[in-house]
Every structure is written in structure tokens, then in C-alpha cells.
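>>> model this:
(one chain, ligands or ions: 1)
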Amino acid sequence: MARCGPKPVSLRTRFTNKLIVRRLDECWAWDGAKSDHGYGQVRGPAPEYILHYAHRLAARYFLGVNPGKLDVLHHCDNPECCNPTHLFLGTARDNILDAYAKGRMVAPAVARARKEAV
Ligand SMILES: [Zn+2]
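Below is the predicted model:
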């Protein structure tokens, strides 16, 4: 029996259709749905419709690695960026240390001191 409806679109095609590829020294923007924190998101095909993070798919498709339980971190700190030269793998600890190093996060003791100063 013939299948009805439009031909299923693969996850890779769904991903590349929303990716704005630029030069390697620029961030590659995401023209699709985003999480509350600004990360690109793409829905996988039926029947699972699994929600994937675009930057993790970029690591898989462009770097040829499956991040598994590792985080995919951004050198550029641009959550939607999918430029593979801006991505690297790390643990959750690496992610926190990276955030501290870039001044995106303050140590709990510093946060408490700031609160008390108000
Ligand atoms: Zn970037």
C-alpha cells in the first residue's frame, strides 16, 4: 500500500534547513525554534518527534562526534550558534568552569556577599 501525505523529512534535513551558514569566523545563526535560554531546537521526525538541541546536532553532523552525556559548549557564548569551530565538548563541570572564566557566573560566596551588601 502506498504511503499517503508528504515524504518524511530527516532530522539532518530539518536541522540544515534552519541553519544560517556564514564564514568560519562568524557565528552560524539558528532560524528555527529556540529554548527559553536561546538554544536552537529542532523536532525529530515521526513517530517520536524528539526535541533536539541544534548545537548538539552540529557537533554530531559537522564534528562527527556523538556528545552522549557530555555538554556541547560554545567558545563564542552564543547559545544559538552552530558553527562547529565555535563548539567543543566538555563535562557539566567544564561548562561551569568556562562560565566562571568568562564572567558569566559568580561563585556562591560572591553572590551571597553581593546580596548582603544590598
Ligand atoms: Zn559562534
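>>> Send me the helix-or-strand element of the chain with minimal mean pLDDT as PDB with only the CA atoms.
One helix or strand of the chain scores below all others by mean pLDDT, DSSP states H and E: helix 108-117, with a mean of 77. The C-alpha trace of helix 108-117 is given here as PDB (Å, rounded to 0.1, in the frame of the first residue of the first chain):
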ATOM      1  CA  PRO A 108      28.100  31.400  45.500                       C
ATOM      2  CA  ALA A 109      30.200  33.200  48.200                       C
ATOM      3  CA  VAL A 110      30.400  36.300  46.000                       C
ATOM      4  CA  ALA A 111      26.700  36.100  45.200                       C
ATOM      5  CA  ARG A 112      25.900  36.000  48.900                       C
ATOM      6  CA  ALA A 113      28.200  38.900  49.700                       C
ATOM      7  CA  ARG A 114      26.500  40.900  46.900                       C
ATOM      8  CA  LYS A 115      23.100  40.100  48.300                       C
ATOM      9  CA  GLU A 116      24.100  41.100  51.800                       C
ATOM     10  CA  ALA A 117      25.600  44.400  50.500                       C
END
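>>> From the chain's centroid, how far away is it?
Distance of helix 108-117 from the chain centroid (Cα atoms, centre = their mean, to the nearest Å) equals 30 Å.
>>> which of the residues in it are buried?
Within helix 108-117, no residue qualifies as buried by neighbour count (16 or more other Cβ atoms under 10 Å). Any C-beta I mention is one placed from the backbone N, CA and C, and that applies to glycine too.
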